[in-house]
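K.L.:
just to be clear, the model below is a prediction. Sequence and coordinates:
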Amino acid sequence: MTGWSQALSVHPAAADETATLTGNRGLQLEEPLLFEQDSPGHCGVDLPEPPPHKSRLGGLERKSPIGLPGLSEPQIVRHFTRLSQKNYAIDSGIYPLGSCTMKHNPRLNEKLARLPGFADLHPLQPAATIKGALELIDTLAHWLKMLTGMPALALSPAAGAHGELCGMMTIRAALTARGDARQRILVPESAHGTNPATAALCGYAIDPIAANARGRVDLAALKAKLGSDVAALMLTNPNTCGLFEDEILEIAAAVHAAGAFFYCDGANFNAIVGKVRPADLGIDALHINLHKTFSTPHGGGGPGSGPVALAAALAPHAPLPWVVHGDGGLELVEHAAGPTAQSIGRLKGFHGQMGMFVRALSYMMSHGADGLKQVAEDAVLNANYLRVRLAGALSQSYPGTCMHEVLFDDRFLKDTGVTTLDFAKALIDEGFHPMTMYFPLVVHGALLIEPTETESKASLDQFADTINGLATRARNGDTASFHAAPRLTPRRRLDETTAARKPVLRWRPEPIRQEAAD
Amino acid sequence: MRYLPLTPSDRQQMLATVGATSIDDLFADVPKLARRDGLVDLPLAQGELEVERALSRMAAKNVSAGSAPFFIGGGVYRHHVPAAVDHLIQRGEFLTSYTPYQPELAQGTLQSLFEFQTQVALLTGMEVANASLYDGATSCAEAVAMAHRITRRSKAVLSGGLHPHYREVCETYAQFSGLEVRALKPTPGVADPIDIDNETACVVVQYPDFFGELRDCSALAARCHQAGALLVVVVTEIVSLGAVRSPGEMGADIVAAEGQSIGNALNFGGPHLGLFASREQFVRQMPGRLVGQTTDADGKRGWVLTLSTREQHIRREKATSNICTNSGLCALAFTIHLALLGESGLTRLAKLNHAAACILADRLAAVPGVRIVTRNFFNEFVVRLPIPAADAVTALTDKDVLGGVPLSRFYLDRADLADLLLIATTETATPEDIDIFSDTLAEVLQ
């Protein structure tokens, strides 16, 4: 045995100068699962002894244990604090996920959503006790009507995709009401996956529309596909290439001339809020992600809220419940009768994402009409600034100005041996959350960057300098460092293939080991 | 404006860098006809103080549940949430992160969701659970659609004991999808006559049902399986599973539940937390996100989003659901609260709820004219009054008691249910609240 290999076998971690005894690395702390920290019988909540009573569970008493671990409050607080420290967040730095609008989440919104008058309010309380809640909903609807120019708002959808379902169902209901059994929905290839998935849920066939060389809907191709069998066009505007559909008025006219409806995915409303009203673009239905444009937090994946602005032709089909102005003030209408007789019905339990409504209204009132216009302008300015700052190093997919996000593809990585994924992972080691990767599908190896208006110029400069530096490194042949990235995160690249091939979706107790004697 | 970091001079410099003379140059692609030069007709920017004042004024026009003796349930339950829960979910690293698409930057969210999936599976007695859906009602509609995909049969039978909102959401989702939804007539206190034929994809029952009734589903599960159908069990009060047998033990194939009761406020009906669990063999037909365990390049354990070929961003129109954003932060609140409770805490919490309901039922049964309709229950039951329940609720509200929900609010055409009142109680009701409620009800009925 040579001294070299002996050293390696005796000190397996010697090559890594940062190896530690605990596996912790300074502020990066290893944390087992809750289930691996069980002290049976322990509890983090002190509850009184139940008073004497005769059980009325009808013989259905649980007989076997559930299997939940027992921990005290300090252990729980430490556990989740440690977990939180393994997350990147908009509070930590720029989070430039294209099409996701990761902007600052004001804490005033959190405070107001927790007022007992909103948070500690039951949806089935008597009408006399919920007047302020209906006022809040009505005020939010007013703001959204003014910003979209549309006459009606459906507020119950729980997220963007749920809003799409709401919008497309109202379209199908309106067509059915006029005896029109159209079967096809036109969807551009650059659309979010939720668009075709939603149209399919409504029983429609999906017909893709190609993009033109400028990254927009090919008007001629669209016109060729329009016909008496087309129920609607689903379009995102600004689209997922970060471009405004500059022929949108012609698109709307063609769609309407064919007797179809124009649905707009409003995920990118942040680019035009306060500047352009969707109604003035000929749109019939548009969902608005309150968790994007109106700053309600993403919470690691939700909850969101996806109100839908509806044109007059679709408004009678809006889902229940409705908040209407009645003789005695605002009323909550929960059943289909009279004016609501043509409603598509209920899309979720109760009345919508009230907690998100409070946050969104707080945000809108804070900005006001003037501030919201500035939001759109700064969002677009920030994206264009990055576009220009990155123009020398990355390959922009469609030349010219962009809206709130800018799309690059992987041509700049050609022959470097570095992929879009490698490039994103290298950004992680530099302390940045990567941009959206591999979406939209219309360009190869997409990198879609949306900085939002809440980044400072200094933050954008640092981000641009880093990307430019990494691009130089990739061109200079430092392929190995890209393939190894990320190296500085609590976990390095994770094996997603095995995760999908042999799914482990929950913790299970270790099987009891058989005695060695067996 | 406090949320915008760019200064006027930043903007000038940046426009110069971009090569634009004004911001309008960047909006040149917007058709002139559609541009607006002025401001939208809405109020101008306001400071924190002004916004807080305006919204607090609206909040003050509501009667919050904690300000009166409170006995309303019907799918949303008022439980005490420990202070640590709200503190932890407001940590910016949880609150302001996105769906964990970059797992190396989101191990905190991913591990907590893996813990959530495990807790939901344990509680429901199922093998696997997803990372949440919007709410119980949409979970129920997704369960029906999933049963349709698995069995390739087109009919769903909904028990009359299913929450009416859940029934309506199933009907809304099904109306354009070719699914036939057969909703049975609600019969409080009496079991449904459920027919299962060879077209039946699934039977949906609620446990405890909308009227609070607890029924063993084992025989129904066996009948479903014999006929090649699936049993979907809906749970709207998840705390009940700390006291009663789990749906999994009784043979459920899919559990669709509302998780609001643990960790989450009433929120006037949203956001809430859709729970979704099933047998492992059906996992590739599940809707929504799933977190799976794996290893990293150094062989260390870690977590990722997995089986995403079911989902819309990969499969588009062939996806199992269109859901993208779910109820992540509500799921985190659930996980923290349930972690604090643990086995002994949840069991005791459930006993406290049941004890309170038993005591309340005995008190109300002693009020002249009141009859308890629900026989076996957890923390919610129906009573028959000698007057229309809606009138009683109005009279109780006038006396500052939030005393249940009249069934007529849900069943407009059912005159036979007009005298029925749905009442729930939890550990948050004090003995004094119970006294005030029963005494006030007696006054109202005099």
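P.N.:
Structure's in. What do you need? Numbering: from 1, shown residues only, chains lettered A, B, ... in the order given.
K.L.:
and B:Val204, how many residues sit next to it?
P.N.:
Around B:Val204 sit 29 other residues, with neighbours defined as other C-beta atoms under 10 Å in any protein chain shown. The way it works is simple: take the backbone N, C-alpha and C, and place the C-beta from them, glycine included.
K.L.:
what's the spacing between it and A:Val276?
P.N.:
The spacing between B:Val204 and A:Val276, counted by C-beta to C-beta, to the nearest Å, is 45 Å.
K.L.:
before we move on, what about B:Ala350?
P.N.:
Distance from B:Ala350 to A:Val276, by C-beta to C-beta: 54 Å.
K.L.:
repeat for A:Thr81
P.N.:
44 Å.
K.L.:
partner residues bridging A:Leu97?
P.N.:
A:Ile449 (DSSP bridges).
K.L.:
number of residues surrounding it?
P.N.:
Residues near A:Leu97, counting by other C-beta under 10 Å, number 25.
K.L.:
out of A:Thr81 and A:Val276, which sits in the busier spot?
P.N.:
Applying other C-beta under 10 Å to A:Thr81 and A:Val276 shows that A:Val276 carries more neighbours, namely 25 against 17.
K.L.:
quick check: phi and psi at that one.
P.N.:
When quoted as degrees, to the nearest 10, the phi and psi of A:Val276 stand at phi -140, psi 130.
K.L.:
residues contacting it?
P.N.:
B:27, B:30, B:34-36 (C-beta atoms under 8 Å, 6 or more residues apart in numbering or on different chains).
K.L.:
again, 10 Å this time
P.N.:
Contacts for A:Val276 (C-beta atoms under 10 Å, 6 or more residues apart in numbering or on different chains) come out as A:147-149, A:237-238, A:244, A:248, A:269, A:376, B:27, B:30-31, B:34-36.
K.L.:
could you pull out the helices for chain B?
P.N.:
Listed in chain order, the helices of chain B (DSSP state H) span residues B:8-18, B:48-60, B:83-89, B:92-95, B:107-124, B:136-151, B:164-174, B:218-226, B:312-315, B:328-365, B:389-398, B:431-445.
K.L.:
hey, least reliable of those helices by pLDDT?
P.N.:
Lowest mean pLDDT within the helices of chain B: helix B:312-315, at a mean of 84.
K.L.:
A:Asn109: neighbour count?
P.N.:
Neighbours of A:Asn109 (other C-beta under 10 Å): 24.
K.L.:
off-centre distance for the host helix or strand of it?
P.N.:
When elements are assigned from DSSP states H and E, A:Asn109 belongs to helix A:107-113. Put simply, helix A:107-113 sits 20 Å off its chain's centre (C-alpha atoms, centre = their mean, to the nearest Å).
K.L.:
so is it next to chain B?
P.N.:
Yes: Helix A:107-113 comes into contact with chain B (C-beta under 10 Å from any C-beta of the partner chain), by way of A:107-113.
K.L.:
highest neighbour count among the residues you listed?
P.N.:
The most crowded member of the residues of helix A:107-113 next to chain B is A:Leu112, carrying 28 neighbours; neighbours defined as other C-beta under 10 Å.
K.L.:
where does the nearest residue to A:Arg82 once chain neighbours are set aside fall, phi/psi-wise?
P.N.:
Counting by C-beta to C-beta, 6 or more residues apart in numbering or on different chains, A:Arg82 lies nearest to A:Glu31, which is 4.3 Å off, once chain neighbours are set aside. Main-chain dihedrals, A:Glu31, degrees, to the nearest 10: phi -140, psi 120.
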